[in-house]
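Undergrad: Fold the following, please.
(one chain, ligands or ions: 1)
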Amino acid sequence: MNESICNLREQFNDALLAVSTLADLETLKVEYLGKKGLITALLKNMGKLSPEEKKTFGSEVNTLKGYATDAIAEKFEALQKAELQRELDAVELFDISLPPVLDRGSYHPVTLVQRRCEEVFRTMGFAVEDYSEIVTDYECFESLNIPPFHPARDMQDTYYLDNGQLLKTQTSAAQNAIYKKYRDALINEGKTIKAVFPGRCFRNEATDACHENTFFQMEGVMVGKDISIANLIYSMKTMLSEVFDNYGLKVRLRPGFFPFVEPGFELDISCQICGGEGCPSCKHSGWLELCPCGMIHPNVLREGGIDPDEYTGFAFGLGLTRLAMMKYGVKDIRDLNSGALTAMSQFTDDK
Ligand code: DAH
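TA: Numbers count the residues shown, from 1 in each chain. Prediction:
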(Lines give C-alpha, C1' and ligand atoms only; values in the text may rest on other atoms or scores of the structure.)
Protein backbone atom coordinates (compact mmCIF):
# COMPACT_ATOMS: atom_id res chain seq x y z
CA MET A 1 0.00 0.00 0.00
CA ASN A 2 1.19 3.49 -0.82
CA GLU A 3 2.96 4.98 2.14
CA SER A 4 1.05 8.23 2.27
CA ILE A 5 -2.25 6.30 2.14
CA CYS A 6 -1.03 3.98 4.83
CA ASN A 7 -0.04 6.93 7.05
CA LEU A 8 -3.35 8.66 6.53
CA ARG A 9 -5.21 5.49 7.43
CA GLU A 10 -3.29 5.25 10.69
CA GLN A 11 -3.81 8.94 11.37
CA PHE A 12 -7.53 8.45 10.71
CA ASN A 13 -7.71 5.44 13.03
CA ASP A 14 -6.09 7.40 15.88
CA ALA A 15 -8.35 10.38 15.32
CA LEU A 16 -11.45 8.16 15.24
CA LEU A 17 -10.42 6.48 18.44
CA ALA A 18 -10.17 9.87 20.17
CA VAL A 19 -13.69 10.92 19.12
CA SER A 20 -16.25 10.62 21.91
CA THR A 21 -19.19 12.78 20.82
CA LEU A 22 -21.43 12.93 17.77
CA ALA A 23 -20.38 16.53 17.17
CA ASP A 24 -16.68 15.60 17.09
CA LEU A 25 -17.46 12.72 14.76
CA GLU A 26 -19.14 15.10 12.34
CA THR A 27 -16.03 17.32 12.38
CA LEU A 28 -13.83 14.30 11.74
CA LYS A 29 -16.02 13.23 8.84
CA VAL A 30 -15.66 16.61 7.16
CA GLU A 31 -11.93 16.64 7.89
CA TYR A 32 -11.33 13.33 6.12
CA LEU A 33 -14.18 12.75 3.72
CA GLY A 34 -15.28 16.29 2.90
CA LYS A 35 -14.71 17.81 -0.56
CA LYS A 36 -11.57 19.45 0.75
CA GLY A 37 -10.86 16.60 3.13
CA LEU A 38 -7.56 14.80 3.69
CA ILE A 39 -8.51 11.68 1.72
CA THR A 40 -9.62 13.66 -1.30
CA ALA A 41 -6.42 15.68 -1.04
CA LEU A 42 -4.42 12.49 -1.64
CA LEU A 43 -5.64 12.44 -5.21
CA LYS A 44 -3.87 15.72 -5.87
CA ASN A 45 -0.51 13.95 -5.73
CA MET A 46 -1.49 11.58 -8.49
CA GLY A 47 -0.17 13.82 -11.27
CA LYS A 48 3.40 12.60 -10.88
CA LEU A 49 2.47 8.93 -11.12
CA SER A 50 2.52 6.63 -14.10
CA PRO A 51 -0.85 5.49 -15.48
CA GLU A 52 -0.31 2.07 -13.94
CA GLU A 53 0.56 3.56 -10.52
CA LYS A 54 -2.37 5.91 -10.84
CA LYS A 55 -4.74 3.00 -11.15
CA THR A 56 -3.43 1.27 -8.03
CA PHE A 57 -3.20 4.54 -6.12
CA GLY A 58 -6.74 5.50 -7.09
CA SER A 59 -8.15 2.18 -6.04
CA GLU A 60 -6.27 2.32 -2.74
CA VAL A 61 -7.62 5.80 -2.05
CA ASN A 62 -11.11 4.50 -2.79
CA THR A 63 -10.57 1.57 -0.45
CA LEU A 64 -9.47 4.00 2.26
CA LYS A 65 -12.52 6.16 1.54
CA GLY A 66 -14.79 3.14 1.86
CA TYR A 67 -13.02 2.05 5.01
CA ALA A 68 -13.32 5.53 6.59
CA THR A 69 -16.98 5.84 5.59
CA ASP A 70 -17.84 2.48 7.16
CA ALA A 71 -15.79 3.19 10.28
CA ILE A 72 -17.49 6.55 10.77
CA ALA A 73 -20.95 5.00 10.28
CA GLU A 74 -20.13 2.31 12.81
CA LYS A 75 -18.86 4.85 15.31
CA PHE A 76 -21.93 7.01 14.68
CA GLU A 77 -24.19 4.14 15.63
CA ALA A 78 -22.16 3.33 18.74
CA LEU A 79 -22.12 6.94 19.90
CA GLN A 80 -25.85 7.34 19.29
CA LYS A 81 -26.56 4.24 21.33
CA ALA A 82 -24.34 5.47 24.15
CA GLU A 83 -26.07 8.85 24.11
CA LEU A 84 -29.51 7.22 24.30
CA GLN A 85 -28.31 5.04 27.14
CA ARG A 86 -27.05 8.11 28.96
CA GLU A 87 -30.46 9.78 28.55
CA LEU A 88 -32.23 6.67 29.76
CA ASP A 89 -29.93 6.39 32.75
CA ALA A 90 -30.83 9.96 33.68
CA VAL A 91 -34.56 9.16 33.67
CA GLU A 92 -35.98 7.75 36.86
CA LEU A 93 -36.94 4.22 36.04
CA PHE A 94 -40.54 3.18 36.42
CA ASP A 95 -42.37 -0.03 35.84
CA ILE A 96 -45.02 0.54 33.19
CA SER A 97 -46.76 -2.68 34.11
CA LEU A 98 -47.67 -1.35 37.58
CA PRO A 99 -51.25 -0.12 38.03
CA PRO A 100 -51.42 3.71 37.91
CA VAL A 101 -51.36 5.61 41.19
CA LEU A 102 -53.62 8.55 40.46
CA ASP A 103 -54.30 11.36 42.88
CA ARG A 104 -57.99 11.44 42.14
CA GLY A 105 -59.10 14.08 44.59
CA SER A 106 -62.37 13.71 46.45
CA TYR A 107 -65.77 15.25 46.84
CA HIS A 108 -66.38 17.86 49.50
CA PRO A 109 -68.55 16.60 52.37
CA VAL A 110 -71.20 19.19 51.49
CA THR A 111 -71.25 17.91 47.91
CA LEU A 112 -71.65 14.35 49.16
CA VAL A 113 -74.58 15.31 51.36
CA GLN A 114 -76.13 17.45 48.64
CA ARG A 115 -75.94 14.62 46.11
CA ARG A 116 -77.45 12.17 48.55
CA CYS A 117 -80.35 14.56 49.25
CA GLU A 118 -80.88 15.15 45.53
CA GLU A 119 -80.94 11.42 44.93
CA VAL A 120 -83.49 10.84 47.66
CA PHE A 121 -85.72 13.71 46.54
CA ARG A 122 -85.57 12.56 42.92
CA THR A 123 -86.88 9.16 43.92
CA MET A 124 -89.74 10.99 45.67
CA GLY A 125 -90.62 12.75 42.40
CA PHE A 126 -88.98 16.13 43.08
CA ALA A 127 -87.26 18.05 40.28
CA VAL A 128 -83.77 19.30 41.15
CA GLU A 129 -83.34 22.92 40.11
CA ASP A 130 -80.35 25.22 39.99
CA TYR A 131 -80.45 28.95 40.69
CA SER A 132 -78.05 31.86 40.55
CA GLU A 133 -76.11 33.17 43.54
CA ILE A 134 -76.67 36.80 42.58
CA VAL A 135 -80.32 37.75 42.87
CA THR A 136 -82.54 40.81 43.18
CA ASP A 137 -84.03 42.26 46.34
CA TYR A 138 -87.40 41.16 44.99
CA GLU A 139 -86.34 37.52 44.68
CA CYS A 140 -84.57 37.34 48.03
CA PHE A 141 -86.98 39.36 50.13
CA GLU A 142 -90.00 41.12 48.63
CA SER A 143 -91.47 38.11 46.84
CA LEU A 144 -91.09 36.21 50.13
CA ASN A 145 -93.33 38.56 52.07
CA ILE A 146 -90.41 40.56 53.45
CA PRO A 147 -91.02 44.17 52.37
CA PRO A 148 -88.32 46.87 52.69
CA PHE A 149 -87.63 47.74 56.34
CA HIS A 150 -89.17 44.49 57.57
CA PRO A 151 -87.28 43.51 60.76
CA ALA A 152 -86.65 40.00 59.35
CA ARG A 153 -84.06 41.61 57.07
CA ASP A 154 -81.89 42.41 60.06
CA MET A 155 -81.09 38.72 60.45
CA GLN A 156 -80.02 38.42 56.84
CA ASP A 157 -77.61 41.22 56.01
CA THR A 158 -75.62 40.36 52.93
CA TYR A 159 -73.23 41.65 50.27
CA TYR A 160 -74.78 44.16 47.91
CA LEU A 161 -73.57 44.89 44.39
CA ASP A 162 -73.36 48.42 43.00
CA ASN A 163 -76.32 47.68 40.72
CA GLY A 164 -78.59 46.88 43.69
CA GLN A 165 -78.40 43.11 43.27
CA LEU A 166 -77.19 41.00 46.16
CA LEU A 167 -75.64 37.66 47.04
CA LYS A 168 -78.59 35.52 48.09
CA THR A 169 -78.95 34.94 51.80
CA GLN A 170 -81.25 31.95 51.43
CA THR A 171 -82.22 29.44 48.78
CA SER A 172 -85.79 30.64 49.36
CA ALA A 173 -84.78 33.35 46.86
CA ALA A 174 -85.56 30.90 44.06
CA GLN A 175 -89.10 30.15 45.25
CA ASN A 176 -90.78 32.84 43.18
CA ALA A 177 -89.07 31.73 39.97
CA ILE A 178 -89.95 28.09 40.65
CA TYR A 179 -93.64 28.92 41.12
CA LYS A 180 -93.66 30.90 37.91
CA LYS A 181 -91.90 28.11 36.03
CA TYR A 182 -94.32 25.38 37.12
CA ARG A 183 -97.60 27.22 37.70
CA ASP A 184 -98.97 26.50 34.20
CA ALA A 185 -98.44 22.77 34.68
CA LEU A 186 -100.09 23.08 38.09
CA ILE A 187 -103.10 25.07 36.93
CA ASN A 188 -103.65 23.56 33.48
CA GLU A 189 -102.53 19.98 34.00
CA GLY A 190 -103.13 19.56 37.71
CA LYS A 191 -99.49 18.63 38.31
CA THR A 192 -98.29 19.11 41.87
CA ILE A 193 -95.19 21.29 42.03
CA LYS A 194 -92.36 19.34 43.64
CA ALA A 195 -88.92 20.86 43.45
CA VAL A 196 -85.72 21.14 45.45
CA PHE A 197 -83.05 23.72 44.76
CA PRO A 198 -79.68 23.53 46.46
CA GLY A 199 -77.42 26.53 46.49
CA ARG A 200 -74.70 28.58 48.10
CA CYS A 201 -75.87 31.35 50.41
CA PHE A 202 -74.09 34.34 51.87
CA ARG A 203 -74.54 36.45 54.97
CA ASN A 204 -72.58 39.37 56.23
CA GLU A 205 -71.75 38.05 59.65
CA ALA A 206 -68.77 37.28 61.82
CA THR A 207 -67.56 33.71 61.64
CA ASP A 208 -67.05 31.30 64.49
CA ALA A 209 -67.24 27.52 64.91
CA CYS A 210 -70.97 27.55 64.11
CA HIS A 211 -71.30 30.50 61.71
CA GLU A 212 -69.85 31.19 58.29
CA ASN A 213 -70.49 33.97 55.79
CA THR A 214 -70.79 31.32 53.06
CA PHE A 215 -72.81 28.15 53.47
CA PHE A 216 -75.10 25.77 51.59
CA GLN A 217 -78.80 25.16 51.84
CA MET A 218 -81.32 23.06 49.99
CA GLU A 219 -84.76 24.52 49.62
CA GLY A 220 -87.75 22.43 48.76
CA VAL A 221 -91.35 23.18 47.89
CA MET A 222 -94.46 21.16 47.23
CA VAL A 223 -97.57 22.96 46.00
CA GLY A 224 -100.84 21.46 44.89
CA LYS A 225 -104.40 20.77 45.88
CA ASP A 226 -104.83 19.94 49.56
CA ILE A 227 -101.16 19.80 50.43
CA SER A 228 -101.03 19.76 54.22
CA ILE A 229 -98.70 19.63 57.18
CA ALA A 230 -99.07 15.84 57.05
CA ASN A 231 -97.41 15.85 53.62
CA LEU A 232 -94.66 18.01 55.01
CA ILE A 233 -93.96 15.71 57.94
CA TYR A 234 -94.06 12.58 55.79
CA SER A 235 -91.73 13.99 53.12
CA MET A 236 -89.21 15.34 55.61
CA LYS A 237 -89.20 12.16 57.67
CA THR A 238 -88.72 9.94 54.62
CA MET A 239 -85.94 12.09 53.25
CA LEU A 240 -84.05 12.43 56.53
CA SER A 241 -84.35 8.69 57.29
CA GLU A 242 -82.68 7.99 53.93
CA VAL A 243 -79.97 10.59 54.37
CA PHE A 244 -79.08 9.38 57.85
CA ASP A 245 -79.65 5.73 56.95
CA ASN A 246 -81.87 5.42 59.98
CA TYR A 247 -85.45 4.31 59.54
CA GLY A 248 -86.25 4.68 63.21
CA LEU A 249 -85.56 8.40 62.99
CA LYS A 250 -88.17 10.56 64.68
CA VAL A 251 -89.14 14.11 63.79
CA ARG A 252 -91.02 16.75 65.71
CA LEU A 253 -92.25 20.23 64.87
CA ARG A 254 -91.98 23.31 67.04
CA PRO A 255 -93.39 26.71 66.14
CA GLY A 256 -90.96 29.00 64.35
CA PHE A 257 -91.36 32.36 62.62
CA PHE A 258 -90.45 33.02 59.01
CA PRO A 259 -92.36 35.68 57.06
CA PHE A 260 -92.85 33.41 54.03
CA VAL A 261 -94.62 30.57 55.85
CA GLU A 262 -97.72 30.41 57.98
CA PRO A 263 -97.66 28.46 60.18
CA GLY A 264 -93.89 28.15 60.38
CA PHE A 265 -91.96 25.42 62.16
CA GLU A 266 -88.60 24.31 63.35
CA LEU A 267 -88.24 20.66 62.53
CA ASP A 268 -86.14 18.61 64.95
CA ILE A 269 -84.87 15.07 64.50
CA SER A 270 -84.09 12.59 67.25
CA CYS A 271 -80.42 12.98 68.15
CA GLN A 272 -78.36 10.73 65.88
CA ILE A 273 -75.55 10.49 68.37
CA CYS A 274 -77.37 9.32 71.52
CA GLY A 275 -80.51 8.04 69.82
CA GLY A 276 -82.70 10.40 71.87
CA GLU A 277 -81.35 9.54 75.30
CA GLY A 278 -79.71 12.93 75.77
CA CYS A 279 -76.03 13.81 75.29
CA PRO A 280 -73.81 16.93 75.03
CA SER A 281 -74.43 17.17 71.24
CA CYS A 282 -78.18 17.60 71.71
CA LYS A 283 -77.74 19.58 74.91
CA HIS A 284 -79.33 16.62 76.73
CA SER A 285 -82.69 17.21 75.06
CA GLY A 286 -82.61 14.14 72.77
CA TRP A 287 -83.45 16.39 69.77
CA LEU A 288 -81.44 18.22 67.12
CA GLU A 289 -82.79 21.30 65.36
CA LEU A 290 -82.39 20.57 61.68
CA CYS A 291 -84.76 22.13 59.22
CA PRO A 292 -87.02 25.19 59.33
CA CYS A 293 -90.18 24.73 57.32
CA GLY A 294 -93.83 25.66 57.09
CA MET A 295 -96.94 26.07 55.01
CA ILE A 296 -96.27 28.61 52.26
CA HIS A 297 -97.74 32.02 53.06
CA PRO A 298 -100.67 33.03 50.82
CA ASN A 299 -98.86 36.24 49.84
CA VAL A 300 -95.90 34.22 48.58
CA LEU A 301 -98.09 31.93 46.47
CA ARG A 302 -99.98 34.91 45.10
CA GLU A 303 -96.71 36.62 44.18
CA GLY A 304 -95.76 33.46 42.25
CA GLY A 305 -99.01 33.59 40.29
CA ILE A 306 -100.75 30.85 42.25
CA ASP A 307 -104.17 31.35 43.85
CA PRO A 308 -103.82 30.56 47.58
CA ASP A 309 -107.54 29.86 47.85
CA GLU A 310 -107.15 26.95 45.46
CA TYR A 311 -103.70 25.65 46.18
CA THR A 312 -101.61 25.12 49.26
CA GLY A 313 -98.07 23.97 49.81
CA PHE A 314 -95.16 23.55 52.12
CA ALA A 315 -91.57 24.75 51.95
CA PHE A 316 -88.43 23.85 53.84
CA GLY A 317 -84.90 25.13 54.03
CA LEU A 318 -82.46 22.35 54.79
CA GLY A 319 -79.04 23.53 55.99
CA LEU A 320 -76.76 21.35 53.85
CA THR A 321 -73.65 22.61 55.59
CA ARG A 322 -75.17 21.76 58.96
CA LEU A 323 -76.30 18.42 57.70
CA ALA A 324 -72.77 17.61 56.47
CA MET A 325 -71.34 18.63 59.85
CA MET A 326 -73.80 16.38 61.63
CA LYS A 327 -73.40 13.45 59.32
CA TYR A 328 -69.60 13.54 59.35
CA GLY A 329 -69.03 14.90 62.84
CA VAL A 330 -67.29 18.10 61.70
CA LYS A 331 -67.10 20.31 64.78
CA ASP A 332 -65.98 23.62 63.26
CA ILE A 333 -67.86 24.98 60.24
CA ARG A 334 -64.75 26.88 59.14
CA ASP A 335 -62.97 23.60 58.38
CA LEU A 336 -65.33 23.12 55.46
CA ASN A 337 -64.07 26.22 53.64
CA SER A 338 -60.49 25.93 54.81
CA GLY A 339 -59.12 24.23 51.71
CA ALA A 340 -57.50 21.60 53.94
CA LEU A 341 -57.64 18.88 51.32
CA THR A 342 -56.30 16.07 53.49
CA ALA A 343 -58.96 16.76 56.11
CA MET A 344 -61.77 16.97 53.56
CA SER A 345 -60.69 13.96 51.47
CA GLN A 346 -61.37 11.50 54.31
CA PHE A 347 -65.12 11.66 53.60
CA THR A 348 -64.92 10.38 50.03
CA ASP A 349 -67.31 7.60 49.31
CA ASP A 350 -65.85 5.90 46.29
CA LYS A 351 -69.16 5.07 44.69
N1 DAH B 1 -84.78 30.63 54.31
C2 DAH B 1 -84.76 30.43 55.73
C3 DAH B 1 -83.40 30.84 56.29
O4 DAH B 1 -82.44 30.74 55.60
C5 DAH B 1 -85.04 29.02 56.07
C6 DAH B 1 -86.42 28.57 55.79
C7 DAH B 1 -87.37 28.63 56.77
C8 DAH B 1 -86.80 28.12 54.53
C9 DAH B 1 -88.65 28.22 56.55
C10 DAH B 1 -88.09 27.70 54.30
C11 DAH B 1 -89.01 27.76 55.32
O12 DAH B 1 -88.50 27.26 53.10
O13 DAH B 1 -90.31 27.32 55.05
O14 DAH B 1 -83.33 31.23 57.40
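Undergrad: Contact partners for whichever residue of the stretch 1-150 of the chain sits closest to the ligand?
TA: Residue nearest to the ligand within the stretch 1-150 of the chain (Cβ to the nearest ligand atom): L144, separated by 8.0 Å. Every C-beta, even on glycine, is put in place using the N, C-alpha and C of the backbone. Contacts for L144 were tallied using Cβ atoms under 8 Å, 6 or more residues apart in numbering; they are 172-173, 175-176, 259-260, 300.
Undergrad: again with A68
TA: Applying Cβ under 8 Å, 6+ apart to A68 gives the contacts 12, 32-33, 39.
Undergrad: what does the chain put close to the ligand?
TA: Remark: the part of the chain in contact with the ligand comprises 170, 172, 219, 258, 261, 264, 292-294, 315-317, using Cβ under 6 Å from any ligand atom.
Undergrad: Most neighbours among the residues you listed, which one?
TA: When the residues of the chain next to the ligand are compared by neighbour count (other Cβ atoms under 10 Å), S172 ends up highest, at 30 neighbours.
Undergrad: Let me see the contact set for that residue.
TA: With contacts defined as Cβ under 8 Å, 6+ apart, the neighbours of S172 are 140, 144, 219, 260, 315, 317.
Undergrad: Does it belong to a helix, a strand or coil?
TA: The three-state label for S172, taken from DSSP: H, G, I helix; E, B strand; the rest coil, comes out as helix.
Undergrad: if we can go back for a sec, now the two most distant members of the contacts of S172.
TA: C140 and A315 (14.6 Å; Cβ to Cβ).
Undergrad: those helices in the stretch 251-351 of the chain, which residues are they?
TA: Assignment of helices within the stretch 251-351 of the chain using DSSP state H, counting those that start in this stretch yields the ranges 298-303, 320-328, 341-345.
Undergrad: Determine which stretch of those helices is the most buried.
TA: For those, ranked by mean neighbour count under the definition mean count of other Cβ atoms under 10 Å, the leader is helix 320-328 at a mean of 21.
Undergrad: between the residues of the chain next to the ligand, which is closest to A152?
TA: Within the residues of the chain next to the ligand, the smallest distance to A152 is 7.6 Å, found for F258 (Cβ to Cβ).
Undergrad: residue contacts, the closest one?
TA: Contacts of F258 were listed using Cβ under 8 Å, 6+ apart, and they are 152, 264, 292, 294.
Undergrad: Next: L318.
TA: 117, 217-220, 290-291.
Undergrad: The closest residue to Y131 other than its chain neighbours - how many residues pack around it?
TA: In space, not counting the residues next to it along the chain, Y131 is nearest to A174; the distance is 3.8 Å by Cβ to Cβ, 6 or more residues apart in numbering. Using other Cβ under 10 Å, the number of residues around A174 comes to 24.
Undergrad: Check the stretch 201-350 of the chain for the residue nearest the ligand and tell me.
TA: G317 (2.5 Å).
Undergrad: Which parts of the stretch 1-150 of the chain are helices?
TA: Residue ranges of the helices in the stretch 1-150 of the chain, as given by DSSP H, counting those that start in this stretch, are 3-18, 22-33, 38-42, 51-90, 109-123, 137-140.
Undergrad: in the second one, what counts as buried?
TA: Within helix 22-33, the residues that qualify as buried by neighbour count (16 or more other Cβ atoms under 10 Å) are 25, 28-29, 32-33.
Undergrad: between those, which is nearest Y159?
TA: L25 (70.2 Å).
Undergrad: so what's the closest one up against?
TA: Counting by Cβ under 8 Å, 6+ apart, L25 makes contact with 19, 72, 75-76, 79.
Undergrad: Apart from its chain neighbours, what residue comes closest to it?
TA: Sequence neighbours aside, V19 is the residue nearest to L25 in space, at 5.0 Å (criterion: Cβ to Cβ, 6+ apart).
Undergrad: The one you found is in contact with F76, isn't it?
TA: No: proximity of V19 to F76 does not meet the contact threshold set by Cβ atoms under 8 Å, at 9.8 Å.
Undergrad: can you tell me the helix or strand for L249?
TA: L249 belongs to no helix or strand when assigned by DSSP states H and E.
Undergrad: how many neighbours does the closest residue to it other than its chain neighbours have?
TA: What sits nearest to L249 in space, not counting adjacent residues and going by Cβ to Cβ, 6+ apart, is S241, at 4.7 Å. By the measure other Cβ under 10 Å, the count of residues near S241 is 17.
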